[in-house]
Each structure stands twice: as structure tokens, then as C-alpha cells.
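Peer 1: show me the folded form of this:
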Amino acid sequence: MEQRINTAGNIDNHEHDHDYALGHVEQSDKKGFFSMFVVMLGFTFFSASMLTGGKLGTGLHLKDFFVAVFIGNLILACYTGALAYIGADTGLSMHLLARYSFGEKGSYLASFITSITQIGWFGVGIAMFAIPVANRFNINLYLLVGITGILMTATAYFGMKSLTILSAIAVPAIAVLGSTSAIMATNSVGGFQGLMNIEPTNKMALVTAVTLCVGSFISGGTATPDFARFSKNKKVSVSTTVIAFFIGNSLMFLFGAIGALVTGNSDIADVMFSQGLVIPAIIVLGLNIWTTNDNAIYTAALGLSNITKLPKNKMVIIGGFIGTIGAIWLNNNFITFLTFLNSMLPPVGGIIIADYFFVKKRKYDNIENTRFIDINWVAIIAFLAGFIVANIISVGVIALNAIITTMLVYIIGTKITSK
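Peer 2: I've put the predicted structure just below:
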């Protein structure tokens with residue numbers, strides 16, 4: 001297959017690229033509400049969010065839990081909704097959008113950070129499935145890790161069509177089986193009123209709870225344009241993203257909270273194991289992680305493709321291999337890794353939002369006709385400012401502090417340097 005690099009640094013293929021790793025998504029390949037909704041909902045069904053829900057459930061009264069989840073999801077919805085709008089309007093991935101603000105080579109920083117973190121989440125997800133299943137059924141852990149990694153990489157390899165099919169199967173299965181288990185657990189303590197009467201064992205402040213909610217999925221949320229660009233229009237893009245984050249995240253937090261309060265386990269799959277629902281537990285655990293992992297490695301591959309100019313499919317294989325090999329190590333260093341994600345990803349999204357809405361006023365030229373500067377140092381400085389704020393200032397919602405700081409530095413810096 002012949003390839004050539006055009007003036008925008010993209011690959012022109014004689015064979016049609018249905019994933020549009022290095023160009024605008026064509027209108028003929030854009031999808032309607034249902035297809036996008038199941039993909040975005042599957043994206044938010046993330047087992048690690050249940051761990052956060054467990055912490056919230058044991059640290060807050062149930063009323064405060066719902067308040068914290070609402071505020072946290074509202075912040076996430078605003079952030080991801082803005083990115084979804086940009087993705088749908090331009091038809092570009094997050095990595096290509098970064099070229100407009102970071103510059104051609106500057107965008108490699110955003111792509112590298114996002115790709116590394118998403119490959120990391122991919123590895124963590126594999127371990128979160130393989131370890132409990134291997135322990136329960138006495139299966140060789142590393143064999144199960146390998147098989148799981150191959151299967152999850154395969155769906156990302158075939159792109160958005162396979163992501164949509166998987167999500168359409170997984171989303172209702174997780175929602176129905178998980179809710180059934182949660183209801184059983186609730187009934188075992190006297191129903192909803194029984195849950196309300198359980199006192200927090202590790203009390204936390206509301207702002208801490210909101211920070212945990214936002215931090216649980218801010219890294220994944222930054223990659224929203226990678227999927228939202230396939231939306232038929234901006235209305236479909238924003239609505240499916242916002243609704244998905246409110247429903248999906250809330251459900252994961254609630255599953256985790258109920259599990260932790262009733263059984264001491266945050267993961268709904270662990271709760272189901274304890275209830276004797278072994279097969280449903282494996283189904284929920286596997287599908288829950290799979291729907292997030294294939295999206296994560298898909299995003300990572302788009303980022304690596306932006307850097308290397310190599311086809312996305314090859315990058316999926318490379319990213320999947322690295323994530324699978326490092327799965328156990330990544331799982332053992334989960335807390336450190338999550339902290340790294342929370343401080344590095346929000347500034348990237350903040351700069352893209354600031355550039356599109358406030359600097360370029362929603363007017364981006366076609367990427368094929370745009371000559372980008374190599375590095376926009378204002379974006380680099382804004383990124384570092386957001387990163388520093390996220391790691392130094394502990395007052396308020398950490399990720400929100402980083403996003404706002406990044407946007408302000410970028411907007412002001414751009415105005416100063418353009419004079």
C-alpha cells in the first residue's frame with residue numbers, strides 16, 4: 001500500500017482508513033445517537049471507578065454521597081462535553097486537535113502523555129480481571145493475562161465498528177447483572193433505609209469526595225474527541241457524552257458504594273462472587289473492563305500514530321503488547337500511576353478547549369491545508385503551569401484547578417505573544 005506524507009504531516013493512503021488516525025472523519029462514516037451512546041457509556045463503565053465509589057460510600061453519608069457524585073459528574077460532563085463538541089465539529093482526534101494549539105511536534109507531547117497513560121490503564125484493567133479470576137479458578141495468572149490482552153487488543157484493532165458492537169452487548173449486560181446484585185446486597189441490610197442508616201467508617205470532606213469523583217475518570221475524559229468525532233453532529237456528540245458520564249459514572253460509583261457498605265468489597269464482581277453469582281460475576285468483570293480497555297488502547301494507538309505517522313492498527317498491536325506485558329507491575333503500582341494521570345492529563349484537555357473556543361473562536365482550517373508551527377511554547381508553558389498547580393495546590397478540586405490554570409495561562413500568554 002503506497003503512502004505519502006502531505007504538508008500537514010499526515011499519511012495519505014490509497015486504502016481507505018476507517019479510523020481516520022491522521023485526518024478528518026468523513027460524514028459518511030459518522031454515527032447516530034444510539035451507536036455513539038453505547039460506545040460512550042461503555043467507555044465510562046470502568047472498574048476502577050467502583051473502587052472510588054467504595055471510598056465514597058464508607059466516607060460519606062448516603063445523602064452526601066449523591067451530592068458528591070452529582071457535582072463530580074457535572075464537572076466531568078462540562079469538561080468532556082466541551083471536548084465532544086470540538087471533536088464532532090472538526091472530525092479530528094484529540095491528538096490531531098493538539099497540533100492546532102501545541103504545534104506539529106508540540107502535539108507529540110500531548111500524544112505521548114496520553115498514549116502512555118492509556119497503555120497503563122489498559123495493563124491495569126487486564127490485571128484487575130486476570131488476578132481475581134486466576135485466584136478463584138486456579139488458572140495460571142500469566143497465561144490468563146496473555147489471553148485477556150490479546151482479546152482486548154483485537155477489538156481495538158478493528159476500530160470503531162467493533163467497539164460499537166462490543167459496547168452494545170456489554171452495556172446492558174453490566175447494567176442488568178450489576179443492578180441485580182446491588183439490589184440483592186441492599187435488601188440484605190434492610191433495603192435503602194438500611195443503607196441510609198450505615199454510618200461512615202472513614203469520614204471525608206465533601207471537596208475530597210468531589211476530587212476523587214473527578215480524578216477517577218479525568219484521564220479517560222481527555223480522550224473524548226477520539227470517539228466523539230464519529231458523531232453525526234454536535235448535538236449527538238455532546239448529549240451522548242454528557243448523559244453517558246452521568247449514567248455510567250454514577251452507576252459505577254453506586255455499585256462500589258453499596259458493595260463496600262454491605263460486604264466490604266467495592267468491585268461489584270467481588271460482591272457477586274460472595275453472593276454465589278460466579279458466572280455473572282465473571283461476565284460483569286470481564287465486559288466492564290473490556291469496554292474501557294479497548295477504548296484506552298484505541299486512543300493510545302491514535303496518539304502513537306500521530307507521532308510516528310504509522311497506521312493505527314500497527315500501533316494498537318504495539319500498545320496492546322506493552323500493556324499486556326506490564327499488566328501486573330502496573331496493577332501493583334496503581335496509586336502512584338493514578339496520581340501521575342491526574343496531574344498530567346487535565347492540562348492537555350484544558351489547552352485544546354482554550355485554543356478552540358477562546359483563541360481560534362471555533363474556526364479551525366482543514367488539517368490538510370494547515371501548515372503548523374513546530375512547537376507552540378505558550379502551550380508548553382501553560383501545560384507545565386497546570387501540571388505544577390495540580391501537584392502543589394491541594395485546596396479545592398485538584399483536576400479543576402489544573403484545567404482552569406492551564407486555560408488562563410494559555411489564553412493570556414497567546415494574547416501577549418500575538419501583539
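
Peer 1: helix/strand/coil for residue 18?
Peer 2: coil (DSSP: H, G, I helix; E, B strand; the rest coil).

Peer 1: excluding its backbone neighbours, what's nearest it?
Peer 2: The spatial neighbour of residue 18 that comes closest, neighbours along the chain excluded (Cβ to Cβ, 6 or more residues apart in numbering), is residue 159 at 5.7 Å. In this view, the C-beta of every residue, glycine as well, is placed from N, C-alpha and C.

Peer 1: any idea how far the one you found is from residue 79?
Peer 2: In this view, residue 159 and residue 79 are 25 Å apart by Cβ to Cβ, to the nearest Å.

Peer 1: who has more neighbours, these two?
Peer 2: For the pair residue 159 and residue 79, the greater number of neighbours falls to residue 79 (25 against 21), based on other Cβ atoms under 10 Å.

Peer 1: distance between the ends of stretch 320-340?
Peer 2: From the first residue to the last, stretch 320-340 extends over 20 Å; the measure is Cα to Cα, to the nearest Å.

Peer 1: pLDDT weak spots in the chain?
Peer 2: By pLDDT under 70, the weakly predicted segments of the chain are 1-16, 334-335, 337-339, 341-342.

Peer 1: ok, which stretches of it are strands?
Peer 2: Using DSSP state E, the strands of the chain run over residues 3-5, 11-13.

Peer 1: ok, which stretches of the stretch 51-200 of the chain are helices?
Peer 2: Listed from the start of the chain, the stretch 51-200 of the chain has helices (DSSP state H, counting those that start in this stretch) covering 62-90, 94-102, 107-137, 141-157, 160-187, 191-196.

Peer 1: of those, which is nearest residue 278?
Peer 2: Set against residue 278 and scored by Cβ to Cβ, the helices of the stretch 51-200 of the chain come closest in helix 107-137, at 7.7 Å.

Peer 1: next, the buried residues of the closest one.
Peer 2: Residues 107-111, 113-134 are the ones in helix 107-137 that count as buried (16 or more other Cβ atoms under 10 Å).

Peer 1: show me the contact partners of stretch 49-60.
Peer 2: 65, 68-69, 200-204, 206, 208-209, 212-213, 215-217, 249, 252-261, 265-268 (Cβ atoms under 8 Å, 6 or more residues apart in numbering).

Peer 1: now with 7 Å, please.
Peer 2: The list of residues contacting stretch 49-60 from outside it, by Cβ atoms under 7 Å, 6 or more residues apart in numbering, reads 65, 68, 200-204, 209, 212-213, 216-217, 249, 252-261, 266-268.

Peer 1: now that stretch, how far from the chain's geometric center?
Peer 2: In terms of Cα atoms, centre = their mean, to the nearest Å, the gap separating the centre of stretch 49-60 from the centre of its chain is 19 Å.

Peer 1: hey, C-alpha coordinates of that stretch in PDB?
Peer 2: Backbone C-alpha positions of stretch 49-60 (Å, rounded to 0.1, in the frame of the first residue of the first chain) are rendered in PDB as follows:
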ATOM      1  CA  SER A  49     -14.500   3.900  39.400                       C
ATOM      2  CA  MET A  50     -16.100   1.300  41.700                       C
ATOM      3  CA  LEU A  51     -13.000   1.500  43.900                       C
ATOM      4  CA  THR A  52     -13.600   5.200  44.200                       C
ATOM      5  CA  GLY A  53     -17.300   4.600  44.900                       C
ATOM      6  CA  GLY A  54     -16.200   2.300  47.700                       C
ATOM      7  CA  LYS A  55     -14.200   5.000  49.300                       C
ATOM      8  CA  LEU A  56     -17.000   7.500  48.900                       C
ATOM      9  CA  GLY A  57     -19.500   5.000  50.400                       C
ATOM     10  CA  THR A  58     -17.500   4.300  53.500                       C
ATOM     11  CA  GLY A  59     -16.500   8.000  53.900                       C
ATOM     12  CA  LEU A  60     -19.900   9.800  53.500                       C
END
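
Peer 1: distance from the chain centre to stretch 266-280, please.
Peer 2: Using Cα atoms, centre = their mean, the distance between the centre of stretch 266-280 and that of its chain works out at 25 Å.

Peer 1: using PDB, write out every CA atom in that stretch.
Peer 2: What follows is the C-alpha trace of stretch 266-280 in PDB, where atoms were taken according to Å, rounded to 0.1, in the frame of the first residue of the first chain:
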ATOM      1  CA  SER A 266     -16.000  -2.200  46.200                       C
ATOM      2  CA  ASP A 267     -16.000  -4.100  43.000                       C
ATOM      3  CA  ILE A 268     -19.500  -5.400  42.100                       C
ATOM      4  CA  ALA A 269     -17.900  -8.600  40.700                       C
ATOM      5  CA  ASP A 270     -16.400  -9.400  44.100                       C
ATOM      6  CA  VAL A 271     -19.800  -8.800  45.600                       C
ATOM      7  CA  MET A 272     -21.300 -11.100  43.100                       C
ATOM      8  CA  PHE A 273     -18.700 -13.800  43.900                       C
ATOM      9  CA  SER A 274     -19.600 -13.500  47.600                       C
ATOM     10  CA  GLN A 275     -23.300 -13.900  46.600                       C
ATOM     11  CA  GLY A 276     -22.600 -17.100  44.700                       C
ATOM     12  CA  LEU A 277     -23.200 -15.500  41.400                       C
ATOM     13  CA  VAL A 278     -19.900 -16.800  39.900                       C
ATOM     14  CA  ILE A 279     -20.700 -16.800  36.200                       C
ATOM     15  CA  PRO A 280     -22.500 -13.500  36.200                       C
END
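
Peer 1: list the contacts of the residue nearest to residue 308 when sequence neighbours are not counted.
Peer 2: Leaving aside its chain neighbours, residue 308 sits nearest to residue 315 (7.1 Å; criterion: Cβ to Cβ, 6+ apart). Remark: with contacts taken as Cβ under 7 Å, 6+ apart, residue 315 is in contact with 301, 304, 305.

Peer 1: for residue 38, state which of those is nearest.
Peer 2: Residue 38 has its nearest neighbour among the contacts of residue 315 in residue 301, at 20.8 Å by Cβ to Cβ.
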